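*Asks:* Got a predicted model here, sequence first, then my questions.
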Amino acid sequence: MTLVVTGGAGYVGSVCAQHLLDAGQDVVVVDDLSTGHRDAVPDGARLVVGDVAEVADEVLGAGDVDGVIHCAARSLVGESAAEPAKYWHGNVVTTIRLLDALRHHGVPRLVFSSTAATYGEPESSPITEDAPTRPTNTYGATKLAVDHAIGTYAAASGGAFRAVSLRYFNVAGAHAGAGDGAALGERHAVETHLIPLVLQVALGQRDEIAVFGDDWPTADGTCVRDYIHVDDLAEAHLLALDLLAGSDTPEGGHLVCNLGNGTGFSVLEVIEACRRVTGHPIPARVAPRRTGDPGVLVASSARARDELGWKPTHTDLDGIVADAWAFARSLAARSPAARSRA
Ligand code: UFG
């Protein structure tokens, strides 16, 4: 049987594909390569280049697909405000087309990349899955709409189709390539995430890091986030697939689980960790708050631990940063020609 990873040429998808291959599974990656990289698709996975909505029927119709991890998505919060149609079509319409194809071909399992952005500004911390969902940006709204859609498809299937939505907090770090396997990490054409941006300063690719606000109601005045290592995140996807294959059916056929470490680190703590790991002074400058940023986002991971049996193992911030740093350096060491082909 085959497992399909959409977005498997991207950061999270490629690491999920690698973990599945390491577990001995057959893997097909579906990716339109609009933001992903052909060379991030792990060796051993078959790549189908195309839009998920366009190729889902063909890929799932092959007859031996046993489950899908759906990571392909638009994921830039700022862009989602400026270009909402790109997000409603790319995230919601595309996923509905995928759900229809799953139903049509009788594929029984789906694990969906959802996000902490579905919660918006939390009322209390840590955030549990029962917290109100009031997204403050279009990106989060589209992911929440998909979570709802999946729930209704699962409920209507009478148990034939089951799904887990994993609500990621701040994914970070990199997968270290074993043997001939390539290291897999974050490389976005438009980088907005804190750790890779800070590491760009250490690499001499930017002069300083802007700290978005130092007047938040937190211990040091900067935003607090819950950083989760991408390898721990990928393991949760495999555990979710296992759960869906077993007899322990989630209620209504759909389980929503937060994925975070349950520990928050401030922007200044992250910058300090990057200084320790890289040995670079990393100049930082306080800048205005970024629109739409909540002050504190920390997950309760109790449900993931209880229901999936998930236990994060890379919880040390310096270790997460060290893996991201090793990847950033290996990427920077590649020739410009190699990078432009990627
Ligand atoms: N930050 C800075 N300077 C920068 C970049 C970021 O101070 O140059 C701060 C942000 O204000 C925020 C923190 O660093 O407080 C982390 O920012 P990221 O952009 O790395 O991540 P976000 O917390 O904004 O968003 C991420 C994902 C979302 C997801 C969210 C849930 O990108 O998809 O985590 O926690 F919804």
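*Replies:* Thanks, I have it. Numbers count the residues shown, from 1 in each chain.
*Asks:* so residue 19 sits right up against residue 233, yeah?
*Replies:* No. With contact defined as CB atoms under 8 Å, residue 19 does not reach residue 233; the gap is 9.5 Å. All C-beta atoms are positioned from the backbone trio N, CA, C, and that covers glycine.
*Asks:* Can you pick out the residue with more neighbours from these two?
*Replies:* Taking neighbours as other CB atoms under 10 Å, residue 19 and residue 233 compare with residue 233 leading, 26 against 23.
*Asks:* how about the more buried one, what does it touch?
*Replies:* Residues in contact with residue 233 (CB atoms under 8 Å, 6 or more residues apart in numbering) are 12, 15, 166, 168, 171, 259.
*Asks:* quick one, strands of this protein?
*Replies:* For the chain, strands defined by DSSP state E occupy the ranges 2-6, 26-31, 46-49, 65-70, 109-115, 162-168, 170-172, 209-212, 224-225, 227-229, 254-259, 265-266, 284-287, 296-297.
*Asks:* which residues touch the longest helix that the chain contains?
*Replies:* Looking only at the chain and at elements set by DSSP state H, the helix with the highest residue count is helix 138-156. Outside helix 138-156, the residues within contact range by CB under 8 Å, 6+ apart are 73-77, 80-81, 84, 87-88, 91-92, 95-96, 99, 102-103, 110, 112, 114-115, 117-120, 133, 135, 161-163, 165, 252-254, 256.
*Asks:* Mark which of those residues are buried, thanks.
*Replies:* When these are checked for burial by 16 or more other CB atoms under 10 Å, the buried set is 73-77, 80, 87-88, 91-92, 95-96, 99, 102, 110, 112, 114-115, 117-120, 133, 135, 161-163, 165, 253-254, 256.
*Asks:* So which of those residues sit within helices?
*Replies:* Secondary structure of the buried ones among the contacts of helix 138-156 is defined by DSSP H; positions in helices are 77, 80, 87, 95-96, 99, 102.
*Asks:* Could you pull up the residues touching the residue in the stretch 151-300 of the chain that the ligand sits nearest to?
*Replies:* Distances from the stretch 151-300 of the chain to the ligand, computed as CB to the nearest ligand atom, single out residue 223 as the nearest residue at 2.9 Å. Residues near residue 223 by CB under 8 Å, 6+ apart: 212-213, 216, 266-267, 293-296.
*Asks:* who touches stretch 326-336?
*Replies:* The contact list for stretch 326-336, computed with CB under 8 Å, 6+ apart, reads 174, 176, 183-187, 196, 199-200, 202-203, 205, 339, 342.
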